[in-house]
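1. Sequence first, then the predicted structure, then my questions.
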Amino acid sequence: MTSIGFIGLGHMGGPMAANLVKAGYTVSGYDLSPQSLEAARQNGVALCSTLEEAVARSDIAITMLPAGQHVVSVWKDLLAAIAPGTLLIDCSTIDIESARQAHAMARAKDCPSLDAPVSGGTSGAAAGTLTFMVGGERDVFLRAETLLRAMGKRIIHCGDASAGQAAKICNNMILGISMVAVGEAFVLAEKLGLSHQALFDVASVSSGQCWSLTSYCPVPGPVPASPANHDYQPGFAAALMLKDLKLSQEAALACGAVTPLGHEAERLYQQFNDHGQGQTDFSAIINLLREKSTTAGL
């Protein structure tokens with residue numbers, strides 16, 4: 001039976017580890033948070049007092065951590081504790097350079113590795129319906145595919161090392177830009193006296209159709225499951241959107257890509273976070289746009 005060491009059992013990692021247990025894997029876990037550890041224990045994860053203990057006898061080590069600096073630091077410790085040939089998978093969303101550095105560290109220890117960031121939020125993590133965007137050698141991807149399917153619905157091999165992170169950064173830049181655009185359209189509709197439902201009914205079946213509108217509509221009513229109907233309690237927090245937009249702009253600067261709309265979306269989400277709204281859902285950016293429209297109209 002495959003044994004997995006899982007490092008990072010928070011809002012995303014905890015449910016992912018639980019789904020691996022449900023699929024029949026032996027999972028040992030480590031996290032700095034006592035609350036996260038207790039939740040993982042209740043879901044069948046064997047708790048460990050150190051990350052080295054969590055991976056000491058594991059065939060596969062998985063990390064789900066906040067940022068690139070954490071991944072690089074943790075992988076240094078992991079690689080000192082595991083045997084050559086152990087598969088390492090990082091599911092965090094991090095910068096391209098840190099992802100490449102992590103792959104290089106694993107390669108030096110003769111350990112296969114994948115960067116495999118996810119999309120789908122906490123609900124997708126709990127339901128096992130995440131999308132995995134995977135970077136790494138194809139034979140390594142094929143080795144890990146069954147394991148990833150225990151946690152996700154769509155598993156996409158995007159290319160070599162760091163390609164998964166590149167796909168995640170590009171996708172979330174689209175998402176951030178499109179949510180701002182949808183929010184702008186609803187604010188304009190309000191100013192013109194057009195109802196939310198009327199705009200939704202037209203745009204959702206016309207050329208303005210997009211995921212930010214039809215699945216995550218930023219106004220109450222048209223899409224009952226959207227956070228707008230629940231006081232913008234986060235499925236995906238604005239602070240996390242800002243993090244991903246910053247990653248996109250760092251990558252754009254590094255490779256010479258021109259992304260003016262990505263830059264503007266980052267600026268708006270920075271303002272929204274600076275106003276203390278980082279823990280609301282990212283679709284609540286419409287409230288900042290309303291505020292700006294009111295001020296502009298004075």
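-> Nice, thanks for sending it over.

2. you'd agree M179 is up against P218?
-> Yes - judged on CB atoms under 8 Å, M179 makes contact with P218 at a distance of 6.7 Å. Where C-beta positions appear, they are placed from N, C-alpha and C, glycine not excepted.

3. Tell me where the model's unsure across the stretch 151-298 of the chain.
-> 296-298 (pLDDT under 70).

4. Mutual contacts of M179 and P218, please.
-> 212, 283, 285 (CB atoms under 8 Å, 6 or more residues apart in numbering).

5. I figured the second one hits A228, correct?
-> Yes - assessed by CB under 8 Å, S283 is found in contact with A228 at 6.1 Å.

6. what do these two both touch?
-> 217-218.

7. Report how many residues lie close to the closest residue to T122 other than its chain neighbours.
-> Of all residues not flanking T122 in the chain, H11 sits nearest, at 5.1 Å (CB to CB, 6 or more residues apart in numbering). Per other CB atoms under 10 Å, the neighbour tally for H11 reads 15.

8. a strand runs through H11, doesn't it?
-> No - assessed with DSSP: H, G, I helix; E, B strand; the rest coil, H11 is coil; it does not lie in a strand.

9. what about it, distance to A166?
-> 24 Å (CB to CB, to the nearest Å).

10. same question, L268
-> 23 Å.

11. likewise R143?
-> 21 Å.

12. Compare these two (neighbour count), which wins?
-> Applying other CB under 10 Å to R143 and A166 shows that A166 carries more neighbours, namely 20 against 15.

13. my read: V140 touches P112, true?
-> Yes - between V140 and P112 there is a contact at 4.3 Å, judged by CB under 8 Å.

14. Between the two, which contacts overlap?
-> By CB under 8 Å, 6+ apart, the residues touching both V140 and P112 are L87.

15. could the shared contacts of M179 and P218 go into a markdown table alongside secondary structure?
-> Formatted as a markdown table, those follow (three-state DSSP):
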| residue | secondary structure |
| --- | --- |
| S212 | helix |
| S283 | helix |
| I285 | helix |
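
16. Who wins on neighbours among the residues you listed?
-> I285 (26 neighbours).

17. list the contacts for that one?
-> Contacts of I285 by CB under 8 Å, 6+ apart are 179-180, 183, 218, 238, 268-269, 272.

18. give me that answer again for 7 Å
-> 179-180, 183, 238, 268-269, 272 (CB atoms under 7 Å, 6 or more residues apart in numbering).

19. can you pull out the strands in the stretch 1-150 of the chain?
-> With strands called from DSSP state E, counting those that start in this stretch, the stretch 1-150 of the chain shows them at 3-7, 26-30, 46-47, 60-63, 87-90, 113-115, 118-119, 130-135.

20. nearest to N171, of those?
-> Nearest of the strands of the stretch 1-150 of the chain to N171, taken as CB to CB: strand 118-119 at 6.6 Å.

21. Can you give the distance of the closest one from its chain's centre?
-> Between the centre of strand 118-119 and the centre of its chain there are 5 Å (CA atoms, centre = their mean, to the nearest Å).

22. now stretch 61-77
-> Distance, centroid of stretch 61-77 to centroid of chain: 15 Å (CA atoms, centre = their mean).

23. Can you give me the end-to-end span of it?
-> Counting by CA to CA, to the nearest Å, you get 12 Å between the two ends of stretch 61-77.

24. can you list the domain ranges for the chain.
-> As assigned by automatic domain parsing, the chain contains the domains 3-160, 166-296.

25. Tell me which of these is the most buried.
-> Ranked by mean neighbour count, the domains of the chain are led by domain 3-160 with a mean of 20 (mean count of other CB atoms under 10 Å).
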